[in-house]
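S.K.: Take a look and give me a structure for this.
(2 chains)
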Amino acid sequence: MRGPGRSAVRGLGKHRRNPRYGHPEGLFEYRRIGGDPRGNLVKAEWKPEQGIVELKSPAGKFWHTMGFSERGKQCLLPEEALYLLECGSVQLLYRDVPLSIQEAYETLLCQEAMSLSHYQVFSHLKQLGYIVLRFDPSTVPSPYERQLNLESHCKSSGKHHRKRRRSSSPRLHEKKHKVYEDLPEAEGTSSKDGGDNGDSIPMDEKPLSEQPKESDAGSAEGESMPVPLDTGQKDSLSLSSGQAGDHKESSTGTHAPRWDFTSITFPNVASDQPCTLLPSPDSRLLPEHVLGREVDVAAWCTRINQKQEKLSRKERKQQERESRYKSSVNADLEVRRCSNWQEYKALLEQRRQQRVWKRPSHLWDQAVTPLLRPEEVTSPAALLQQISVLQPSHILDGASRLQEDPEAMKIDFNVYQADAVSKFKKTNPGKPHVRMCVRSFDEQIPSLRALKQVTYLSGDVPLVFALVDHGEITFYSLKEFKLPIDVNH
Amino acid sequence: MAEAVFHPPRRKRRVFESYEAPFPVDVGGKDFRLCQAEIINNNVIVRNPEDIEQLYNKGYFGKGILSRSRPVFSISDPLLVAKWRGIDTNVPIITSQKYQRRVQWAKSVLQEQGLDDCSITKVLENYTKPLGLPFSRGDEAGDCPQTGDSCPRGGPKPGNAEVSRKPAGTEGAQSAEGQNGGSQEGGEAALDAGGGSRHQEQENSREMAEGSCHRDLCGCEVKQSPEQRPWEGLDSRECAPEYVLVQEEEEGSSCPEDDSTHAQENLVKKEVLVCRKNPFRIFEYLQLSLEEAFFLVYALGCLSIYYGEEPLSIVKLWEVFSEVKPDFRTTYMAYHYFRGKGWVPKVGLKYGTDLLLYRKGPPFYHASYSVIAELVDDNFEGSLRRPLSWMSLSGLNRTTANASKELMLCYLIRPSDMTAEEMATPECMKRIKVQELIVTRWVSSRERSEQDEF
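M.R.: This next block holds a predicted model:
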């Protein structure tokens, strides 16, 4: 017989013995998992009308992680009671008669919410030391609330807010979803999004001969990273996300630039056209309380190291090689004649068409032509970008609109790690380690639709599918993934 | 919701190849080469050796039909090559039986063409006569024309057909038969045709071409003379004969002056290598999968696919391939997506999936992912090509994990308003989204959870 608290006894549900003991001592003959060997057996009564078990004597140590209070009485959920019965920590009574384990299985596990397979998963995890609670959808903070860091606020309400629905207006729902959506893509794998952000600056760019230094203003608004805010600043979040949204929308339409760049000059201080006398800036361009003045940097230039850079032999050779093939764009007179980006692009297009290149007509004179134009790409990354036409999708895309489906898969358990036991508070359990969906091996794996629904339902907690096959349990998860772009070999 | 962690691929311990380029098209488009392929029996085949090299070396497209992956087929017998190590040559070395078999095959081919036995024998004798002289161990094969090289190295010199067996120390490959190393001059012994051997070769091949014009004797695939070939890619090299070194037994005695009785006793069977033309040459081609072929045409524009003599347009290929393989569009979209990320997808048949993803290429890293592609609609549902139960997923995951790969499900989401017409061109891909999922097994035992895999 194994000592208490150490073994993970499998197949607890496969007890062949079916004794009917009239006295508590009989229960000690079972192998015990955990439980208190000195055992003051806690008496508990099964209440079928409510589907719960009411404790008749005070609870033991298990009360730290299991059970709940209702109307002043300590109660246990059926699976908890059954588990404790198997541990030898409680004695279950029904109509004043102690239930055997077999009878308890039959009696307590008759609900839809807690079938035999659910119980097997529960028991398996409990034996490994996890804390397992039933899942309650209303306690999952919405992505919006998470963003606002409302989690602590949410959880303190605990289970009493079962009826509370997640309240977010549809518009904000959309915005926050969009913002959330950008998060994984902001990590740089999607070039499309990056391009979008760039385009959100609706101003014409300067011609090439000058050195345009575009504003920081554009980039700040263009980024759609969520800003961590305190609870109280709900309004400003909606405002800025609204702005970001508007900004994105307006980038596609025509937008008259606020600044007339033909009259504003940006000084060129590069080494090819040293401009040492910088005039006083127009006061209209400056923020309040900031004064500008004219400056002559000639004196500074003498102090800057203007010696020629001494290149190593290797670098010199490389420069020679490159100079054979490369030439400065500005050296081209036609390019200098372009007064804006549009004209430059038109020039490029014109040149491209004039280029004598043997393009087979069966590929190029057709409705659909090859994607790659090799002369247009300047780097391997650009090449990949030109051929990448399929768009990435995130697991949560479109998931919010699937939530109203009554047939959606349900999540069964919240699972907390064993290490968290000491700090665990039943009234405020915090974020689970994983959530569990109990399924059977013969079932089809969830469709993408079902997976999206249930992943959304799980919030930001990873989801695991527990598959039960006659007492054997295997766990799988299907996780969102984005294959990184591999360019530098 | 946690996302799957990216595990960087494991590099192979011994890498024998060097990396050239990710694609057969260079950035900037310099040295652009348009390769050619044909459709034969619903397979896409590349025959031109230079195209084969280009396509395989830059991007690992295709598979040699007689090799495991890279087209490296050779009839050379590795045991013989090791045995004749002293001879520095890349001409294949084969046994006499193997050579004779080939002669038999050539004979039966000529018979099928209706030639009478007498002329067959004459043709074959002429074609298969030894060139140069038998090499013993220690000889240099300097003048035997190298495979694939149409001009014989060292040049043929007119001269006597005798070998002067001056002992010359070569690499010390002194054989058990007591051979002394062949001399340098031995290597200079002429090819029969002397200075005109090159012409002879061409004559021979033209003879073959006109007489039988069979593909094996002269390398022409079709029954027409080389000049009528429709595309210029095909090398005349294919028409040039392949040279092989045949290990034959030559009876000789060590003391030529002995009288016959003694000579018989001192008969020494020595093995020599005789250079001959291969009468039944087998060409290895590169076979491209439908997805690879389409990618080269549509995404990169560096391949032209011919059916018969017609080059096919992109839309036509899309249509034709979809007919050949009903799920072509789905698997192609997945292929295109992963190529667009710089990974090399190869066929996943051996693992029961659609694609295997390699980083950089098969010679460098072990495959990292095993991918199953499915097409679904806007509601994220669809008729699945591979409906999986948890049981089959479990089995598939197990075999994948045993091979140190990760199982990936790739869902291609098509908008519900996409018409069949729209799907009839590859441009439909612009509206299709890709969702990748990784299948992982969660281990519940406590030790594992402490490692914080989640």
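S.K.: who's in contact with A:R359?
M.R.: B:G301 (Cβ atoms under 8 Å, 6 or more residues apart in numbering or on different chains). C-beta coordinates here come from the backbone N, C-alpha and C atoms, glycine included.
S.K.: mean confidence for the longest helix anywhere in chain B?
M.R.: Identified as the longest helix of chain B according to DSSP state H is helix B:96-112. Averaging pLDDT along helix B:96-112 gives 90.
S.K.: Can you name every helix or strand that that helix contacts?
M.R.: helix B:117-127, helix B:215-218, strand B:243-253 (3 or more Cβ pairs under 8 Å, 6 or more residues apart in numbering or on different chains; DSSP states H and E).
S.K.: which residues does the residue nearest to B:G352 when sequence neighbours are not counted contact?
M.R.: In this structure, B:G352 finds its nearest non-sequential neighbour in B:L396, 6.1 Å apart by Cβ to Cβ, 6 or more residues apart in numbering or on different chains. By Cβ under 8 Å, 6+ apart, B:L396 lies in contact with B:352-353, B:388, B:407.
S.K.: helix or strand for B:E50, which one?
M.R.: Per DSSP states H and E: B:E50 is located in helix B:49-57.
S.K.: continuing past that helix, what's the next helix or strand?
M.R.: Following helix B:49-57 toward the C-terminus (DSSP H and E): strand B:63-64.
S.K.: on that earlier part again, between the contacts of B:L396, which has the most around it?
M.R.: Highest neighbour count within these, by other Cβ atoms under 10 Å in any protein chain shown: B:L407, with 25 neighbours.
S.K.: That one contacts B:T353, doesn't it?
M.R.: Yes: B:L407 lies in contact with B:T353 (Cβ atoms under 8 Å); the separation is 7.5 Å.
S.K.: Pull up the overlap in contacts between those two.
M.R.: With Cβ under 8 Å, 6+ apart, B:L407 and B:T353 have common neighbours B:370, B:372, B:396, B:400.
S.K.: Now a PyMOL select for only the buried ones of those.
M.R.: Only the buried entries of the shared contacts of B:L407 and B:T353 go into this PyMOL selection, using 16 or more other Cβ atoms under 10 Å in any protein chain shown:
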select buried, chain B and resi 370+372+396+400
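S.K.: Let me know the closest of the shared contacts of B:L407 and B:T353 to A:H394.
M.R.: B:I372 (19.3 Å; Cβ to Cβ).
S.K.: Check the secondary structure at the closest one for me.
M.R.: For B:I372, the secondary-structure state derived from DSSP: H, G, I helix; E, B strand; the rest coil is strand.
S.K.: Please report how far it lies from B:E436.
M.R.: Distance of B:I372 to B:E436, given as Cβ to Cβ, to the nearest Å: 11 Å.
S.K.: overlap in contacts of the two?
M.R.: Common neighbours of B:I372 and B:E436 (Cβ under 8 Å, 6+ apart) are B:408-410.
S.K.: Adding neighbour count and distance to chain A, write these out as JSON lines.
M.R.: Output for the shared contacts of B:I372 and B:E436, formatted as JSON lines (neighbours: other Cβ atoms under 10 Å in any protein chain shown; distance: Cβ to the nearest Cβ, whole Å):
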{"residue": "B:M408", "neighbour count": "25", "distance to chain A": "7"}
{"residue": "B:L409", "neighbour count": "22", "distance to chain A": "7"}
{"residue": "B:C410", "neighbour count": "26", "distance to chain A": "9"}
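S.K.: out of these, which are inside strands?
M.R.: Among the shared contacts of B:I372 and B:E436, the residues falling in strands (DSSP state E) are B:408-410.
S.K.: Considering the residues you listed, which is situated nearest to A:E472?
M.R.: Closest to A:E472, out of all of those and judged by Cβ to Cβ, is B:L409, at 23.9 Å.
S.K.: The closest one - nearest residue in space that isn't next to it in sequence?
M.R.: B:L437 (4.4 Å).
S.K.: Determine the three-state secondary structure at that neighbour.
M.R.: Once three-state DSSP is applied, B:L437 turns out strand.
S.K.: Retrieve the pLDDT associated with it.
M.R.: Looking at B:L437, the pLDDT reads 95.
S.K.: what's the answer for A:L208, then?
M.R.: pLDDT, read off for A:L208, is 36.
S.K.: if we can go back for a sec, can you lay out the shared contacts of B:I372 and B:E436 as JSON lines showing pLDDT and distance to A:T276?
M.R.: Listed next are the shared contacts of B:I372 and B:E436 as JSON lines, based on pLDDT from 0 to 100; distance: Cβ to Cβ, whole Å:
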{"residue": "B:M408", "pLDDT": "96", "distance to A:T276": "59"}
{"residue": "B:L409", "pLDDT": "96", "distance to A:T276": "63"}
{"residue": "B:C410", "pLDDT": "96", "distance to A:T276": "59"}
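S.K.: I'd like the residues you listed as TSV, with distance to A:T65 appended.
M.R.: Compiled in TSV, the shared contacts of B:I372 and B:E436 are given as follows (distance: Cβ to Cβ, whole Å):
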residue	distance to A:T65
B:M408	37
B:L409	36
B:C410	41
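S.K.: Going by distance to B:F338, which of these wins?
M.R.: Nearest to B:F338 among the shared contacts of B:I372 and B:E436, with distances taken as Cβ to Cβ, is B:C410, at 8.3 Å.
S.K.: Next, the contact list for that closest one, please.
M.R.: B:334, B:337, B:371-374, B:434-437.
S.K.: Buried by neighbour count, from the residues you listed: which ones?
M.R.: B:334, B:337, B:371-374, B:434-437.
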